[in-house]
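the amino acid sequence is not available; the structure is as follows:
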């Protein structure tokens, strides 16, 4: 799970075959040769990022300009071995795909998951792109493709009976929809007399390979989690359709709705909320098995009850479990994942990233709790993410931002992910801020 494509070679970096003949090398100090090679490699990586970015942005003119300068970029690879044609196919950008094919793009290039561009287009239901790629000999191979044999959802633990739920035990007679997503809906229902939250996959998608894959991934992840600040997994329906995932039901609703109703929180309440979120995230980020949430936002933070005295982190549909070999590993994950308004700039820019993307999102949530409005509320979510990627940050206006809290928020959303604190460090800082709050800020915890 630690990423594919491996090292610089997957980005199409030139090999040392391009080094001048030995007679020439003899006259050049070896350090200069190495430096020149590093510069070439760096330029190559930069161009690769650029063509992938423009392909994603549906900018056929920019893609063509790059290919005119360097035709070999047509089959450049990112860390997941994805080519510009993979990116264009997934989004259905016909003009970009035509341009890439004109320059000799490999229509059957396979990424880390062995998916071809056609498989991606198939999974995303981009019908126009399917026709185009098939015209040029595109085949649908890989996990997303029609040549992939879907398997039954396997048990994450040997003893499946511990968590496999018989759907007849779920009572939907007084159910209510409490959330919706692209794959289905979340309902409040009852299981053996207890209110529960049920994520139910739409029947029409229960045979979709990508949906089954994501569902299986979430079950495998949730079954391993046990923490007071993480929404508790209770079981799943994997042997009958529709597929369902059952977790505890939290009566307090989500933080998004709470902030919408309450507005800005007192520093005392905001810090207590932040401590709960940070405790849950510190647990997820524990090495060597790090879970990156990748979609940390107020909607995915739930209040245990209407008193709002306890918070839990939920919704692990986009999370990734990574086995860390070294404490400072950077995970070779790329692509836009999560919600734009809370998205770290490195994710938006398709750069490699690590667990610090969650710290960035946490900083945005901290801002929202103190300011009483979402970060960059006057911008549409995508525009907000682009503005942040350009180096801008929300303006801190509230007087409730005591200096230490302001400093912590700014550290969390630092442009350089290496400058952002870990959640264990955040917990220590928050405890200290809580202890040092001026007397007038020590309001009762349930206020705000």
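Nice, thanks for sending it over. Computed from a predicted model, the values in this text were never measured in an experiment. Residues are numbered from 1 along each chain as shown.

name the helix or strand for residue 362, please.
helix 356-371 (DSSP states H and E).

packing partners of that helix?
helix 255-262, helix 267-284, helix 345-348, helix 403-412, helix 423-435 (3 or more C-beta pairs under 8 Å, 6 or more residues apart in numbering; DSSP states H and E). C-beta coordinates here come from the backbone N, C-alpha and C atoms, glycine included.

which one of those helices has the lowest average pLDDT?
In terms of mean pLDDT, the lowest-scoring of the helices and strands packed on helix 356-371 is helix 345-348 (a mean of 91).

what's that helix packed up against?
Using 3+ C-beta pairs under 8 Å, 6+ apart: helix 345-348 touches helix 356-371, helix 381-389.

if we can go back for a sec, tell me the mean pLDDT over the helix holding residue 362?
pLDDT averaged over helix 356-371 gives 97.

contacting residues for the residue nearest to residue 404 when sequence neighbours are not counted?
Among residues not flanking residue 404 along the chain, residue 433 sits closest, at 4.8 Å (C-beta to C-beta, 6 or more residues apart in numbering). Residues near residue 433 by C-beta atoms under 8 Å, 6 or more residues apart in numbering: 271, 402, 404, 405, 408.

quick one: which of the helices and strands packed on helix 356-371 is nearest residue 358?
helix 267-284 (5.8 Å; C-beta to C-beta).

and that closest one with helix 255-262, angle?
180 degrees (axes from the mean of the first three to the mean of the last three C-alpha atoms, to 10 degrees).

helix 267-284 packs against which elements?
Partner elements for helix 267-284 (3+ C-beta pairs under 8 Å, 6+ apart): strand 289-292, strand 311-313, helix 356-371, helix 423-435.

burial of the spatially closest residue to residue 385 that is not a sequence neighbour, as a residue count?
Excluding its sequence neighbours, the residue lying closest to residue 385 (C-beta to C-beta, 6+ apart) is residue 340, at 3.9 Å. Using other C-beta atoms under 10 Å, residue 340 has 19 neighbouring residues.

likewise for residue 175?
Neighbours around residue 175, by other C-beta under 10 Å: 15.

and residue 192, by the same measure?
10.

what's the answer for residue 221, then?
18.

quick check, it in contact with residue 292.
No: using C-beta atoms under 8 Å, residue 221 makes no contact with residue 292, being 10.9 Å away.

my guess is residue 248 contacts residue 230. True?
No: with contact defined as C-beta under 8 Å, residue 248 and residue 230 do not form a contacting pair (10.1 Å).

more crowded one of those two?
residue 230 (20 against 16).

tell me the domain ranges of the chain?
8-20+28-135, 160-248, 255-441 (automatic domain parsing).

for residue 71, give its distance to residue 212.
39 Å (C-beta to C-beta, to the nearest Å).

low-confidence ranges, the stretch 151-300 of the chain, go.
151-161, 181-182 (pLDDT under 70).

just the strands in it please.
For the stretch 151-300 of the chain, the strands defined by DSSP state E, counting those that start in this stretch cover 170-180, 184-191, 194-201, 233-237, 244-248, 289-292.

so which bits of the last one are buried?
Buried residues in strand 289-292, defined by neighbour count with 16 or more other C-beta atoms under 10 Å: 290, 291, 292.

beta-bridge partners for the second one, please?
Beta-bridge pairing of residue 291 under DSSP bridges involves residue 321.

and the helices and strands packed on helix 345-348: which comes nearest residue 105?
Comparing these by C-beta to C-beta, helix 381-389 comes nearest, at 26.7 Å.

from the chain's centroid, how far away is that closest one?
Its chain's average C-alpha position is 16 Å from that of helix 381-389, according to C-alpha atoms, centre = their mean, to the nearest Å.

which helices and strands sit right next to that helix?
Here helix 381-389 touches helix 345-348, going by 3+ C-beta pairs under 8 Å, 6+ apart.

kindly recompute the last result at 10 Å.
helix 345-348, helix 356-371 (3 or more C-beta pairs under 10 Å, 6 or more residues apart in numbering; DSSP states H and E).

can you check which of the ones you listed gets nearest to residue 253?
helix 356-371 (15.3 Å).

tilt between that closest one and helix 423-435?
Using the same axes, to 10 degrees, helix 356-371 lies at 20 degrees relative to helix 423-435.

and helix 356-371 with helix 403-412, angle?
Using the same axes, to 10 degrees: helix 356-371 against helix 403-412 is 140 degrees.

so what's the gap between helix 356-371 and the chain middle?
With C-alpha atoms, centre = their mean, you get 15 Å for helix 356-371.

now swap in stretch 169-184 and tell me
25 Å.

buried ones in it, by neighbour count?
170, 178, 183, 184.

residues contacting residue 67?
The neighbours of residue 67, taking C-beta atoms under 10 Å, 6 or more residues apart in numbering as the test, are 51, 73, 74, 84, 99, 100, 102, 103, 104, 105.

out of these, which are buried?
51, 73, 74, 84, 99, 100, 103, 105.

can you get me a residue count around residue 191?
17.

oh, that last question was meant for residue 204, not what I typed.
Residue 204 - counted by other C-beta under 10 Å - has 10 other residues nearby.

next: the one 3 residues further on.
Other residues near residue 207 come to 10 when the count uses other C-beta under 10 Å.

for it, phi and psi?
Torsion angles at residue 207 (phi, psi; degrees, to the nearest 10) stand at phi -110, psi 0.

same thing with residue 133?
phi -70, psi -40.

hang on, it packs against residue 89?
Yes: in this structure residue 133 lies within contact range of residue 89 using C-beta atoms under 10 Å: 6.6 Å.

just want to know which of the two has more residues nearby.
Neighbour tally, residue 133 and residue 89, criterion other C-beta under 10 Å: the higher count belongs to residue 89, 33 against 27.

hmm, back to that, nearest to residue 55, out of the strands of the stretch 151-300 of the chain?
strand 289-292 (24.8 Å).

distance from the chain centre to the closest one, please.
12 Å.

packing partners of the helix or strand following it?
Using DSSP H and E, the helix or strand that follows strand 289-292 in sequence is strand 301-303. In terms of contacts (3+ C-beta pairs under 10 Å, 6+ apart), strand 301-303 is packed against helix 255-262, helix 267-284, strand 311-313.

again, only this time at 8 Å
Going by 3+ C-beta pairs under 8 Å, 6+ apart, strand 301-303 lies up against helix 255-262, strand 311-313.

need the winner for burial among these.
When you average the neighbours per residue for each of those (mean count of other C-beta atoms under 10 Å), strand 311-313 leads with a mean of 24.

per-residue pLDDT of residue 315, please?
pLDDT at residue 315 comes out at 82.

and for it, the neighbour number?
So residue 315, with other C-beta under 10 Å, has 22 neighbours.
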